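J.: Predicted structure and sequence below. I'll ask about it afterward.
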Amino acid sequence: MNLASLLGDRFSVIVGRDKWIPQMRENACKYRFEKKLASFRSLGMGVLDFHKDERCTIKRLKEEIGQAIEKDGAEAIVLGCSMQFGFYKELQEEFEVPVIDSMVAGLKHAEYLLELKEKTGWTFSRRGLYETPERGEMRRWNLEDKLSPICGRG
């Protein structure tokens, strides 16, 4: 959603089933993307259906992306299910808007954060939300040895 909000004024998320929308909407609100969110669109397909008949999947994706752009005003599309992996290139070429594959975006975001740390030393703050647990707590949970390379303790 962050990437989509940078690449277009408003974005739509394409999901497999309606039942996944409430949780995704909650995340959109939690991360303050509600003003950028044009819509959620459901394909009415389960996880196992996406690669069972890829022609059918592409057809449904095209229908919903077309509606998201024309009716909802989306300027970017997020493929919201990891099982939609691999479809974005064809869709992006056809619709001429960014179509973000959640698997690729997640990987690229992780690479970006690693590169930031390597080149600038920027990493997550250890104050507040990401504060390292106390040593005693880590010992009780047998985590000290496992977390010391990550947390910079040791």
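T.: Alright, I've got the coordinates.

J.: For residue 58, give me the pLDDT.
T.: Residue 58 is assigned a pLDDT of 88 by the prediction.

J.: Now do the contacts for the closest residue to it other than its chain neighbours.
T.: Closest residue in space to residue 58, ignoring its immediate chain neighbours: residue 87 at 6.5 Å, by C-beta to C-beta, 6 or more residues apart in numbering. From N, CA and C alone the C-beta is placed, and that goes for glycine too. Contacts of residue 87 were listed using C-beta atoms under 8 Å, 6 or more residues apart in numbering, and they are 54, 57-58, 61, 79, 99, 101.

J.: does residue 28 really touch residue 5, like I thought?
T.: No - with contact defined as C-beta atoms under 8 Å, residue 28 does not count as touching residue 5 (9.9 Å).

J.: Let me know the secondary structure of the residue located most distally from the centre of the chain.
T.: Distance from the C-alpha centroid of the chain peaks at residue 136, with 35.4 Å (C-alpha atoms, centre = their mean). Secondary structure assignment for residue 136 (DSSP: H, G, I helix; E, B strand; the rest coil): helix.

J.: same deal with residue 62?
T.: Applying three-state DSSP: residue 62 is helix.

J.: Give me the pLDDT for the residue nearest to the spatial centre of the chain.
T.: The centroid of the chain falls nearest to residue 102 when counting by C-alpha atoms, centre = their mean (4.6 Å). Predicted confidence (pLDDT) for residue 102: 89.

J.: how near is residue 8 to residue 100?
T.: 10 Å (C-beta to C-beta, to the nearest Å).

J.: Overlap of the contact sets of those two?
T.: In contact with both residue 8 and residue 100: residue 76, using C-beta under 8 Å, 6+ apart.

J.: higher neighbour count, the two?
T.: Higher neighbour count among residue 8 and residue 100: residue 100, with 24 against 19, using other C-beta atoms under 10 Å.
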